[in-house]
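Undergrad: Structure for this input, please:
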Amino acid sequence: MNPESARQRVRTVRSQLREKGLDGLVLTKPENVTYLTGFAGADSWSIVTKTGLYLLTDSRYIEQAEKECVGTTILQRAGKDPIAEACGRFLQKLKSVKTLGVEASISVGMYETLKKNAEVSLKPVAGIAEEPRGIKDLDETAAILAAAAISARAFGEILQQIRPGITENELAGALDFEMRKLGAENAFETIVAFGPNGSRPHHHPTQRKLKPRDAVLIDFGARYEGYCSDITRSFAFGAPTPAYRAAYAVVEKAQAAAIAVARAGVDMAEVDTAARAVIRDSGLPVYGHGTGHGIGLEIHENPFLKENAQGKLQVGQILTIEPGVYIPDKLGIRIEDDILITETGCEVITSECPRMPILQR
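TA: Below is the predicted model:
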């Protein structure tokens, strides 16, 4: 994270603190800690006040924190001290902090411990870091573009390994390995589903072996420099059935319809509606999940494209478009790409990832 980006993020958070009448904020969610400080380790909290930015960590991460943090004072707690207690004792030293925001995602136990030790007024808050995270700066966009390129290259490599008899687990592991060879890691557990297993949107790979004419669904993504990509490709291994071919065409059309309307200023619900309408009009079952979601430090983050979505798309958002058709015990087809909302519309940033309805061997 470059220093100017770091300063801008802190300024944005501080402006929200002023609006909410807070003297400071404790960030406990790892992705929010990373966003504000640059630190990518675990078991650490960040405290931001009107004049300071702090990272509370322990001896396991001091060297990493010193390398990664930007504009941050690093505080080391003793390994035996619970982090909420250590944070509370530190806050007692900040005489200017009277009212403190605490991320609402903190556990009840942690909150009570912090409240007991901090001796300040605590106020649960949400969205202070997540809201600015939704708009990606140039560095974040570059990292996501790199993650997308790595994903596409890795997927192209494993297509050569698909053969009858390979298991879902083997193929998932091969894809993860290719992403690691290219300097990334998998952003989430890779989904590989053969045949009827594809009807479960979040299927966990098994020892099921690939058979001729099986449908294949692969949902995967790379994490590069902390930022994620998210892609799904579906295809028939060999000659597809007429039903598969027809359903694939509908899903392709639904995704294209959503991408066509995705631009700054458009209601997010409108993007969702565009995809669902195509599938509904085809007579096929309409998927139950959202049409897309933001990606960044998390694989699922704001904004979320769903039927009851509130708000409009904004320049700088990066999100997925992923309609699907699922027929229990028969087939599942999902096509997912990542898009960047630009000044003139949107750009599909995963277009280099191979995409085909049929894989012939």
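
Undergrad: Can you show me the strands along the stretch 101-250 of the chain?
TA: Using DSSP state E, counting those that start in this stretch, the strands found in the stretch 101-250 of the chain span residues 121-125, 185-186, 191-194, 215-220, 222-224, 227-228, 231-237.

Undergrad: closest to Gly52 out of these?
TA: Of all these, strand 121-125 sits nearest to Gly52, with 18.3 Å by Cβ to Cβ. Backbone N, C-alpha and C define where each C-beta goes, glycine included.

Undergrad: What pairs with that closest one, parallel or antiparallel?
TA: In the sheet, strand 121-125 lines up against strand 99-103 (parallel) (DSSP bridges).

Undergrad: Residues touching the partner strand, excluding its own?
TA: Strand 99-103 is touched from outside by 17, 20-29, 32, 91, 111, 114, 118, 120-126, 128-129, with contacts defined as Cβ atoms under 8 Å, 6 or more residues apart in numbering.

Undergrad: where does the residue most central in space within the chain land in three-state SS?
TA: In the chain, the residue lying closest to the centroid (Cα atoms, centre = their mean) is Ile299, at 1.6 Å. Counting by DSSP: H, G, I helix; E, B strand; the rest coil, the backbone at Ile299 sits in coil.

Undergrad: Report pLDDT for it.
TA: Note for Ile299: predicted pLDDT of 98.

Undergrad: Cross-check the contact I'm expecting between it and Ile231.
TA: No - if you go by Cβ atoms under 8 Å, Ile299 and Ile231 don't touch, sitting 11.4 Å apart.

Undergrad: Need the overlap of contacts for these two.
TA: Common neighbours of Ile299 and Ile231, using Cβ under 8 Å, 6+ apart, are Gly221.

Undergrad: need the strands of the stretch 101-250 of the chain in a markdown table with mean pLDDT and distance to Ser44, can you?
TA: Output for the strands of the stretch 101-250 of the chain, formatted as a markdown table (pLDDT from 0 to 100; distance: least, Cβ to Cβ, whole Å):
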| stretch | mean pLDDT | distance to Ser44 |
| --- | --- | --- |
| strand 121-125 | 95 | 19 |
| strand 185-186 | 97 | 20 |
| strand 191-194 | 98 | 30 |
| strand 215-220 | 97 | 29 |
| strand 222-224 | 98 | 19 |
| strand 227-228 | 98 | 19 |
| strand 231-237 | 97 | 31 |
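
Undergrad: Export those as a markdown table, with columns for distance to Ser96 and mean neighbour count.
TA: Below are the strands of the stretch 101-250 of the chain laid out as a markdown table (distance: least, Cβ to Cβ, whole Å; neighbours: other Cβ atoms under 10 Å):
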| stretch | distance to Ser96 | mean neighbour count |
| --- | --- | --- |
| strand 121-125 | 13 | 15 |
| strand 185-186 | 41 | 18 |
| strand 191-194 | 49 | 25 |
| strand 215-220 | 47 | 25 |
| strand 222-224 | 38 | 25 |
| strand 227-228 | 34 | 26 |
| strand 231-237 | 47 | 23 |
